[in-house]
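> Let me see the structure of the following:
(2 chains)
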Amino acid sequence: MDALALEATSTKKPANGVPAPAPAKRKPAKKTKKAIVFFEVEILDAKTKDKLCFLDKVEPNATIGEIKSMFHKSHPQWYPTRQSIRLDAKGKSLKDEDVLQQLPVGTTATFYFRDLGAQISWVTVSTPWSRQKAGGGGGGGMLVFLTEYTGPLVLYLMFYFRVPFIYASKYDFSTSKHWVVHLACMCHSFHFLKRNLETLFVHRFSHGTMPLRNIFKNCTYYWGFAAWMAYYINHPLYTPPIYGEQQIRLALILFLFCQIGNFSIHIALRNLRPPGSKTRKIPYPTKNPFTWIFVLVSCPNYTYELGSWLGFTLMTQCLPVAFFTLVGFIQMTVWAKGKHRSYLKEFRDYPPLRSPILPFIL
Amino acid sequence: MASSEDDGTVEEKENNNKRRTKSALATAWLTFYNIAMTAGWLVLAIAMMRFYIQKGTTKGLYRSIARTLKFFQTFALAEVGHCAIGIVRTSVIVTGVQVCSRIFMVWFVTNSIRQIQSEESVILFLVVWTMTEITRYSYYTFNLLHHLPYFIKWARYNLFIVLYPLGVIGELMTIYAALPFVRRSGMYSMRLPNKYNVSFDYYYCLIILMLSYIPLFPQLFFHMLRQRRRVLHGEVIVEKDD
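This is a model prediction of the structure:
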């Protein structure tokens, strides 16, 4: 899953608080101290509505995170990062930072619990450059994305170098006679190297964990497609593009243009949010011309990504690559639309000219 | 979106009216659809029985009903549409997989590979399909008309226990029988080199498809079992979310 797509969650605006709780005790002394009314929290299973946990004497300024820890004590198999606590059984998850008394609940709060499944925790990269990263999301996302993106890098090279048992044995370790195949290898490797470096240095991750299931799904997707594409591009019987050098040159220009564009957008998005802050802002064009596309598009990183893969498809003239581009495009459109919608919901003054992924079209 | 309070109630009434007309339309269409499909599969069943009674053999039976079968089975694609637009509350994916597997069998196996049309396994799955579909569509029809006889409900949610596995056996045997003919003729396949730089081997594709029955069939079967428990015994089953 795309790192930035993880951030496409809508904010939860705290409701205009519960009316201030009346003091339950009255002090006999002349000075009336403000007494705390404790909340009671009951947690029900979102699906079966069974009562899973009852907490009494919960501080009104307790956060959801603290409630999750308390719930974890009574149900040790559900550690906090695996809990989804919500006000409505089918609603959105509450955030850890949400404060109990600011939620639209009475003094007995009822929450619904959903198990998010086994989570893989982010590995904090203990290297000098990890200091750049924000505290909370910190070394976030690393291990997972590195795995997802290194696979295609390595797999493609295996096909490129014609490692034994892939093609007929007479072709083992031979090299392709078409220069476009070498170019394609460089482009593909550059792309995934870039992604890895961005994961390490550029992206800021806001979620602490990711469901384990996602890793298998994502790795299968990336690795599977990479192997499928690489098999045909590096095949001894590969046919170079029909329009020869012209086609390849145009494709390369498109590819490089979009790679730079995609990188510029990632940098611009990173600079929007200073380390450690959780404020969300509307991205605007900067001095970098590649960011001027923000005028027309909400998620230009996806636009540029599409462009890169179109370039690669054109360069290799390979149907599996076209398929990969298409599937990626569909997925990115879904993410872009979601992000666009959450932008619109969050910001009243969101520029109306912008489309989610393709200017004016989609 | 928010208009003034005065327009609110008028808009609401308009929306309610629109919704009621839409649901009446949907019910009318679905009723027609299910009656038509019940009739279609009944025709198939009768045609098959007539052929067998008259000719005493199953040889040539497929050819005689091929056109009707193709028509009504292909028409079932509409059911995916029904789920997609929401007038039927079933998962698009489950319906999609079921309809696609049928379409695949009809068009890409029995229709294209002549030599297997006289196999007994074909008769097996045809009989199973006919019985299943007649029960299913008449169930839907009666349901929509709010006059569901218990025996139809019983049939729909019990016969599948026998029919589903039998159908799968029939289908798998048919595909298996088709394999040598596919290999020999190289149909639907594409080899390198070609300008699209892709290759496709229908033979291996069929083998993979046969293997895919292993994970898919139990899922669909247990889905039906869960439905059965819910409908016949009113149990609340907590479904595992994907």
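
> quick one: the helices in chain B?
Remark: helices assigned in chain B by DSSP state H are B:5-55, B:61-75, B:77-85, B:92-103, B:120-144, B:150-158, B:160-185, B:202-233.

> for the fifth one, packing partners?
It stands for helix B:120-144. Applying 3 or more C-beta pairs under 8 Å, 6 or more residues apart in numbering or on different chains; DSSP states H and E, we find helix B:120-144 packed against helix B:5-55, helix B:61-75, helix B:150-158, helix B:160-185. C-betas here are computed from N, CA, C, even on glycine.

> Between these, which one is closest to residue B:140.
helix B:5-55 (4.3 Å; C-beta to C-beta).

> Distance from the chain centre to stretch A:52-64, please.
Relative to the chain's own centre, stretch A:52-64 is displaced by 31 Å; criterion: C-alpha atoms, centre = their mean, to the nearest Å.

> Stretch A:99-117 too?
Distance of stretch A:99-117 from the chain centroid (C-alpha atoms, centre = their mean) equals 26 Å.

> one step back: could the helices and strands packed on helix B:120-144 be laid out in a markdown table, adding distance to residue A:173 and mean pLDDT?
What follows is the helices and strands packed on helix B:120-144, written out as a markdown table (distance: least, C-beta to C-beta, whole Å; pLDDT from 0 to 100):
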| stretch | distance to residue A:173 | mean pLDDT |
| --- | --- | --- |
| helix B:5-55 | 59 | 89 |
| helix B:61-75 | 50 | 95 |
| helix B:150-158 | 60 | 93 |
| helix B:160-185 | 32 | 95 |
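
> Tabulate those helices (TSV), appending mean neighbour count.
Output for the helices and strands packed on helix B:120-144, formatted as TSV (neighbours: other C-beta atoms under 10 Å in any protein chain shown):
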stretch	mean neighbour count
helix B:5-55	13
helix B:61-75	16
helix B:150-158	15
helix B:160-185	17
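
> how about these in JSON lines, adding distance to chain A?
Output for those, formatted as JSON lines (distance: least, C-beta to the nearest C-beta, whole Å):
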{"stretch": "helix B:5-55", "distance to chain A": "20"}
{"stretch": "helix B:61-75", "distance to chain A": "25"}
{"stretch": "helix B:150-158", "distance to chain A": "23"}
{"stretch": "helix B:160-185", "distance to chain A": "20"}
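
> Which one, of the ones you listed, ends up nearest to residue A:150?
Residue A:150 lies closest to helix B:160-185 among those, at 38.5 Å (C-beta to C-beta).

> mind listing what's buried in stretch B:74-83?
Using 16 or more other C-beta atoms under 10 Å in any protein chain shown as the test for burial, stretch B:74-83 gives B:76, B:79, B:80, B:82, B:83.

> isn't the third one right up against residue B:95?
Yes - contact between residue B:80 and residue B:95 holds when scored by C-beta atoms under 8 Å: they sit 5.4 Å apart.

> now the residue nearest to residue B:228 when sequence neighbours are not counted: how far from residue B:218?
Once flanking residues are discounted, residue B:228 sits nearest to residue B:157: 4.3 Å by C-beta to C-beta, 6 or more residues apart in numbering or on different chains. Per C-beta to C-beta, to the nearest Å, residue B:157 is found 18 Å from residue B:218.

> helix or strand right after the one helix or strand residue A:210 maps to?
Using DSSP states H and E, residue A:210 sits within strand A:209-211. Downstream of strand A:209-211, the next assigned helix or strand under DSSP H and E is helix A:212-233.

> and that next one, is it in reach of chain B?
Yes - using C-beta under 8 Å from any C-beta of the partner chain, helix A:212-233 reaches chain B at A:232, A:233.

> can the helices and strands packed on helix B:120-144 go into CSV with extra columns for distance to residue A:286?
Output for these, formatted as CSV (distance: least, C-beta to C-beta, whole Å):
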stretch, distance to residue A:286
helix B:5-55, 43
helix B:61-75, 54
helix B:150-158, 62
helix B:160-185, 58
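
> just so I know, which of those helices lies nearest residue B:109?
Of all the helices and strands packed on helix B:120-144, it is helix B:160-185 that lies closest to residue B:109, at 5.8 Å by C-beta to C-beta.

> Tell me what angle the closest one forms with helix B:120-144.
Helix B:160-185 runs at 140 degrees relative to helix B:120-144, counting by axes from the mean of the first three to the mean of the last three C-alpha atoms, to 10 degrees.

> just checking, what packs against helix B:160-185?
Identification of packing neighbours for helix B:160-185 by 3+ C-beta pairs under 8 Å, 6+ apart yields helix B:120-144, helix B:202-233.

> chain center to the first one, what's the gap?
In terms of C-alpha atoms, centre = their mean, the gap separating the centre of helix B:120-144 from the centre of its chain is 9 Å.

> Give me the contact list for it.
B:27, B:30-31, B:34-35, B:37-38, B:41-42, B:44-45, B:48, B:58, B:61-62, B:65, B:69, B:73, B:102, B:105, B:110, B:116, B:148-149, B:152-153, B:155-156, B:159-160, B:163-164, B:166-167, B:169-171, B:173-174, B:177 (C-beta atoms under 8 Å, 6 or more residues apart in numbering or on different chains).

> What residues of it count as buried?
Here helix B:120-144 shows B:121-144 as buried, counting by 16+ other C-beta under 10 Å.

> Ok, the longest one next?
Across helix B:202-233, burial judged by 16+ other C-beta under 10 Å covers B:202, B:203, B:206, B:209, B:217, B:220, B:224, B:225, B:228.

> got the contact list for the nearest residue to residue B:158 once chain neighbours are set aside?
Nearest residue to residue B:158, sequence neighbours excluded (C-beta to C-beta, 6+ apart): residue B:228, at 7.3 Å. Contacts for residue B:228 (C-beta under 8 Å, 6+ apart) come out as B:157, B:158, B:160.

> Ok, residue A:62 next?
Residues in contact with residue A:62 (C-beta under 8 Å, 6+ apart) are A:39, A:99, A:100.

> give me that answer again for 10 Å
A:38, A:39, A:41, A:55, A:69, A:70, A:98, A:99, A:100, A:101 (C-beta atoms under 10 Å, 6 or more residues apart in numbering or on different chains).

> Tell me if I'm right that residue B:213 and residue B:168 touch.
Yes - if you go by C-beta atoms under 10 Å, residue B:213 and residue B:168 touch, sitting 6.3 Å apart.

> Give me the common contacts of these two.
Residues touching both residue B:213 and residue B:168 (C-beta under 10 Å, 6+ apart) are B:101, B:220.

> which residue does the stretch 51-200 of chain A bring closest to chain B?
Closest approach between the stretch 51-200 of chain A and chain B, counting by C-beta to the nearest C-beta: residue A:114, at 8.6 Å.

> Go through the one helix or strand that residue maps to and flag the buried ones.
Applying DSSP H and E as the criterion places residue A:114 in strand A:108-115. Neighbour-count burial for strand A:108-115 flags A:109, A:111, A:112, A:113, A:114 (criterion: 16+ other C-beta under 10 Å).

> Now do the third one, the pLDDT please.
Model confidence at residue A:112, expressed as pLDDT, equals 87.

> residues touching the residue nearest to the spatial centre of chain B, list them.
Nearest to the geometric centre of chain B sits residue B:99, at 3.8 Å (C-alpha atoms, centre = their mean). Neighbour list for residue B:99: B:73, B:74, B:76, B:77, B:78, B:79, B:80, B:83 [criterion: C-beta under 10 Å, 6+ apart].

> Ignoring the adjacent residues along the chain, who's closest to the last one?
It stands for residue B:83. Leaving aside its sequence neighbours, residue B:83 sits nearest to residue B:92 (C-beta to C-beta, 6+ apart; 4.4 Å).
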